[in-house]
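A.B. asks: Fold the following, please.
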Amino acid sequence: LKKALKKKKKRHLNNQINELQLLKFDQEKSYVTYQKQQEHPNKSFLFSCQNSTITTLFNQSISHLENACSPLPPKLSQTHLSIHGYLNQIQALNLIGNTQLAERQLKQLSTHSFNSILSLKRSHTLAELAHIISCIHHHFTFQQNKGTLEHFQPMIDAIINLIEKSCQKPNPLYPSINGLLPPSFSSHFLDHKDCFIWDQFYAFAACKAAINIYKQLDMSIKINPLISLSQRINRAIESTCSHVSKTQSGPLLFPISPSAYKDPRIIRSLVGVYPLGVLSAKTPKVLASLEWLEAHHTQDGILQFLSNPLGFSTIDNGLLGIIYCLQQSPKLFPTLSWLIKTASPTGTWPTSIYPINGNGCDGNGHEIESNINFISIIRHMLIQDQGQDCQLLPMIPTEWLNENHPIQIQNLPTQFGPLSLSLSIQNNKATLAFKHQFHRMPKQLSIRSPKRIKAELIDGKLKPIKSHTLFIDPNRSQIEFIIDESTP
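C.D. replies: Numbering: from 1, shown residues only. Prediction:
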């Protein structure tokens, strides 16, 4: 018996040694590939303005993001890496134009890691798998390579099949959960299982993304069933919102789940606005959700948590800032000022900040997702290209209109193609120098000024505008307009 135990123990140790050797080989191989790709990275877009603090913090955040994209461990199930966090990194890389690094990170997920994701004994994995499809479509939007979609198509099919099988059947005893994903743990809340609304949005967005992907791949036979599935999930989300509003006698907003409502985690139910982009930031339930949060869980405009995490969450306040930016609301600027104030000299944030002393008090000392959200805030201040329209400089503050410091942007990636621009001010005349490499034209291209535009200057003649928005011809390389200094 002793000999048999000794032999079994030796065999077990040999297996562990072999696994470690394979792990080391895979990591070394991945790292060599990573180093080669880092020698010739895509050129991230460059940005400068009157506020050097914002410019510096933006550049620091890009550096932290790119440095965080190390090779993925072959056995993802043995790590504590959040799949949502990993995919958010990839989407942020697309936003700054580093599609080459984003492609590498995605393909890591599709090879040695996908099987380990499927084998995880965590029931919240389904929402993470759904997020993968949204990330693939987001990447294609900026990269425009059908080969990438073809590479991931078997994975997309498998994930959609899992979502369809998992949606709960009608149950007269629990009508509020009909059509939702089954109760699960969540990467945002690990204490108990529930049908979290944010997980439902990941499934809904996956269906919408898959529909667009199948259109690109000319696989029309798969589209109609997906449309039905997406409508079913959407109806389930709407039904849950109505159920919670009725049972809680509260406003119609996006709750946390059918059983959870009064909690600042409502902000996380707005992932449908960002990063998934399946909700407009100005829909009534989004506005009602923000109004409720502002009334019950903000201090001086900053979202505060009583637990999980304790204090001011830098991630969630970053998400709040992005949504304010997409709404083109001036409430963005206090949130942005707070993020700038609480950043370290090296451009990092902890997961949460204690309200009294302003120090980190919960989670990671360096929270990369806070850098990702800061990058997204600045990017959406410079351009908003959701849907079919493209708006330049939609949320810049008035002080950026500075005669001594023009706003300069180079290689800004958009879903229509990259663009570069420079906005200079002389007295009350603004000059926009603009060039692009659009692969398709937006329906409307415009620029928004924080001060009202009095008139556009065309061939020496003034065309009255009297609006904050000026629609421009994409074929023109220079646009001149007069700013009305007498009005804000």
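
A.B. asks: okay but Leu93 is in contact with Ile62, surely?
C.D. replies: No - contact criterion Cβ atoms under 8 Å: Leu93 and Ile62 do not qualify, at 9.4 Å. C-beta coordinates here come from the backbone N, C-alpha and C atoms, glycine included.

A.B. asks: Looking at these two now, which is surrounded by more residues?
C.D. replies: Between Leu93 and Ile62, Leu93 has the larger neighbour count (other Cβ atoms under 10 Å), namely 29 against 25.

A.B. asks: Mind giving me the packing neighbours of the helix or strand in which that one is found?
C.D. replies: Using DSSP states H and E, Leu93 sits within helix 83-95. Here helix 83-95 is seen to pack against helix 52-68, helix 99-110, helix 125-143, helix 368-382 when contacts are counted using 3 or more Cβ pairs under 8 Å, 6 or more residues apart in numbering; DSSP states H and E.

A.B. asks: how big is the angle separating the last one from helix 52-68?
C.D. replies: Translated: helix 368-382. Interaxial angle of helix 368-382 relative to helix 52-68 (axes from the mean of the first three to the mean of the last three Cα atoms, to 10 degrees): 130 degrees.

A.B. asks: where does this protein dip in pLDDT?
C.D. replies: Along the chain, segments meeting pLDDT under 70 span 1-2, 4-5, 8-9, 12-44, 70-81, 110-124, 171-176, 185-191, 306-309, 487-488.

A.B. asks: which residue ends up closest to the midpoint of it in space?
C.D. replies: Pro275 (3.0 Å; Cα atoms, centre = their mean).

A.B. asks: ok, which stretches of this protein are helices?
C.D. replies: 2-39, 52-68, 83-95, 99-110, 114-118, 125-143, 146-166, 197-216, 223-248, 284-296, 314-327, 332-342, 368-382 (DSSP state H).

A.B. asks: Out of those helices, the one nearest Asn359 is which?
C.D. replies: Across the helices of the chain, Asn359 has its closest neighbour in helix 332-342 (9.6 Å, Cβ to Cβ).

A.B. asks: buried set for that closest one?
C.D. replies: By neighbour count with 16 or more other Cβ atoms under 10 Å, helix 332-342 contains the buried residues Leu332, Phe333, Thr335, Leu336, Trp338, Leu339, Thr342.

A.B. asks: Would you enumerate the residues in contact with the first one?
C.D. replies: Okay, so that is Leu332. By Cβ atoms under 8 Å, 6 or more residues apart in numbering, the contact list for Leu332 reads Gly321, Tyr324, Cys325, Ile377, Met381, Met395.

A.B. asks: Mind putting those into CSV with neighbour count?
C.D. replies: Below are the contacts of Leu332 laid out as CSV (neighbours: other Cβ atoms under 10 Å):
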residue, neighbour count
Gly321, 26
Tyr324, 23
Cys325, 25
Ile377, 27
Met381, 24
Met395, 24
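
A.B. asks: In CSV, list the residues you listed along with distance to Ser239.
C.D. replies: Shown next, in CSV, are the contacts of Leu332 (distance: Cβ to Cβ, whole Å):
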residue, distance to Ser239
Gly321, 31
Tyr324, 28
Cys325, 30
Ile377, 33
Met381, 36
Met395, 34
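
A.B. asks: so which of these comes closest to Leu287?
C.D. replies: Using Cβ to Cβ, these come closest to Leu287 at Tyr324, 11.3 Å.

A.B. asks: related to what we said a few turns ago, export the helices of the chain as CSV, with columns for distance to Arg265.
C.D. replies: Listed next are the helices of the chain as CSV, based on distance: least, Cβ to Cβ, whole Å:
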stretch, distance to Arg265
helix 2-39, 35
helix 52-68, 25
helix 83-95, 14
helix 99-110, 27
helix 114-118, 24
helix 125-143, 15
helix 146-166, 23
helix 197-216, 9
helix 223-248, 13
helix 284-296, 10
helix 314-327, 8
helix 332-342, 18
helix 368-382, 15
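
A.B. asks: Tell me which of those helices lies nearest to Ile256.
C.D. replies: Distance to Ile256, taken as Cβ to Cβ, is lowest for helix 197-216 among the helices of the chain, at 6.3 Å.

A.B. asks: Using a markdown table, please lay out the helices and strands packed on helix 83-95 together with distance to Ala295.
C.D. replies: Converted to a markdown table, these look like this (distance: least, Cβ to Cβ, whole Å):
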| stretch | distance to Ala295 |
| --- | --- |
| helix 52-68 | 29 |
| helix 99-110 | 39 |
| helix 125-143 | 29 |
| helix 368-382 | 23 |
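
A.B. asks: do you know which of those helices lies nearest Thr247?
C.D. replies: Each of the helices and strands packed on helix 83-95 was scored for nearness to Thr247 using Cβ to Cβ, and the closest is helix 125-143 (24.1 Å).

A.B. asks: who does that closest one touch, helix- and strand-wise?
C.D. replies: Counting by 3+ Cβ pairs under 8 Å, 6+ apart, helix 125-143 packs on helix 83-95, helix 99-110, helix 114-118, helix 146-166, strand 184-186, helix 197-216.

A.B. asks: Out of those, which gets nearest to Ile465?
C.D. replies: Ile465 sits nearest to helix 83-95 of all the helices and strands packed on helix 125-143, at 30.3 Å, using Cβ to Cβ.

A.B. asks: who's in contact with stretch 155-167?
C.D. replies: Contacts with stretch 155-167, where a contact means Cβ under 8 Å, 6+ apart, come from 110, 114, 118, 126, 129-130, 132-133, 136, 179-182, 203, 206-207, 210, 213, 225-226, 229, 232-233, 236.

A.B. asks: try it again with 6 Å
C.D. replies: Residues outside stretch 155-167 that contact it (Cβ atoms under 6 Å, 6 or more residues apart in numbering): Ser110, Leu126, Leu129, Ile133, Gly179, Leu181, Pro182, Ala203, Ala210, Leu229.

A.B. asks: quick one, what contacts the fourth one?
C.D. replies: Contact analysis of Ile133 by Cβ under 6 Å, 6+ apart lists Ile156, Ile159, Ala206, Ala209, Ala210.

A.B. asks: One more pass at 10 Å, please.
C.D. replies: The neighbourhood of Ile133, defined by Cβ atoms under 10 Å, 6 or more residues apart in numbering, consists of 152, 155-156, 159-160, 163, 202-203, 205-210, 213.

A.B. asks: same check, this time on the fifth one
C.D. replies: With contact set as Cβ under 10 Å, 6+ apart, Gly179 has these partners: 167-170, 195, 200, 203, 229, 231-240.

A.B. asks: Look up how far Leu276 lies from it.
C.D. replies: Per Cβ to Cβ, to the nearest Å, Gly179 is found 18 Å from Leu276.

A.B. asks: Same check on the second one?
C.D. replies: When Cβ to Cβ is the yardstick, Leu126 and Leu276 sit 15 Å from each other.
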